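Chemist: quick one, fold the following:
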Amino acid sequence: MRALALVLSSLILTQINAESIKIGYVNIDKIIENSSLYRNANDKLLKEFEPRKNELLMLYDKIHSLKGKIDLPNDIIDDLTYHSKIKTIKALENDFNKKSEIWQQELNQSQFNLLSEIELIINNAINNFATSQNYDLILYENGAFVGPKADISEEIIFLIENN
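Modeler: Take a look at the predicted model:
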C-alpha cells in the first residue's frame, strides 16, 4: 500500500505542470460476480462434478442405512455377523472419505483453473480498454479510496460481455 501511495504521489507531482493523467480502478470481484462468462463456465463445471457428488451422497446414505440396521449380537453366530457388518461399514466409510477428498481436490483445482482463465480474459480486456481510452494508470485490488469516476469496472464488464 505504501508503494502504491509513493507511485501515485510521484506521478501526481511530476504531472502537476504537465498534462493530466487518466487513472482508473477495477474491482475484480465485481467483474467476476457480474460476468456471464464466469457464471456459465462455473455452472458447466458444477454440472460436470454433479454425477460424482450424487454418487457420494448415495454412498453416504447407504452407510447411514447400514448403520441403522445393525443389531447388537445375542450369541456367537450373531457376533460374527455383527463384526462382518461393522467391517463392511468401515470399508465403505474409508471409501467414502477417499472419494470425497479426491472429488473436492479436483473440484477446487478446476475452479482455480477457471478463475485463472477468467483472470487472463479480464487482464486482456483491461489492457485493451486502457489502450483504447488512453488511460495512464489502472489499479486493481485494494484501493485506499476509489471514487465513482475512477471505477471503470462496469466498462470492463461490458467489454468482456461483448467480445
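
Chemist: give me the secondary structure label for the spatially closest residue to T88 that is not a sequence neighbour.
Modeler: Leaving aside its sequence neighbours, T88 sits nearest to L66 (Cβ to Cβ, 6 or more residues apart in numbering; 7.1 Å). Bear in mind the C-beta positions are built from the backbone N, C-alpha and C, glycine included. Classification of L66 into helix, strand or coil gives helix, according to DSSP: H, G, I helix; E, B strand; the rest coil.

Chemist: my guess is L66 contacts K90, does it?
Modeler: No: under the criterion of Cβ atoms under 8 Å, L66 lies out of contact with K90, with a separation of 10.6 Å.

Chemist: returning to that earlier point: report the separation between the residue nearest to T88 and L57.
Modeler: L66 is 15 Å from L57, where distance means Cβ to Cβ, to the nearest Å.

Chemist: ok, now which ones touch the residue nearest to T88?
Modeler: Taking Cβ atoms under 8 Å, 6 or more residues apart in numbering as the criterion, L66 is in contact with 85, 88-89, 92.

Chemist: any of those buried? List them.
Modeler: The neighbour-count test (16 or more other Cβ atoms under 10 Å) applied to the contacts of L66 identifies 85, 89, 92 as buried.

Chemist: can you list which of those residues are found in helices?
Modeler: Using DSSP state H, the members of those that fall within helices are 85, 89, 92.

Chemist: dump these to TSV, plus distance to A41.
Modeler: Conversion of those to TSV gives the following (distance: Cβ to Cβ, whole Å):
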residue	distance to A41
K85	44
I89	39
L92	34
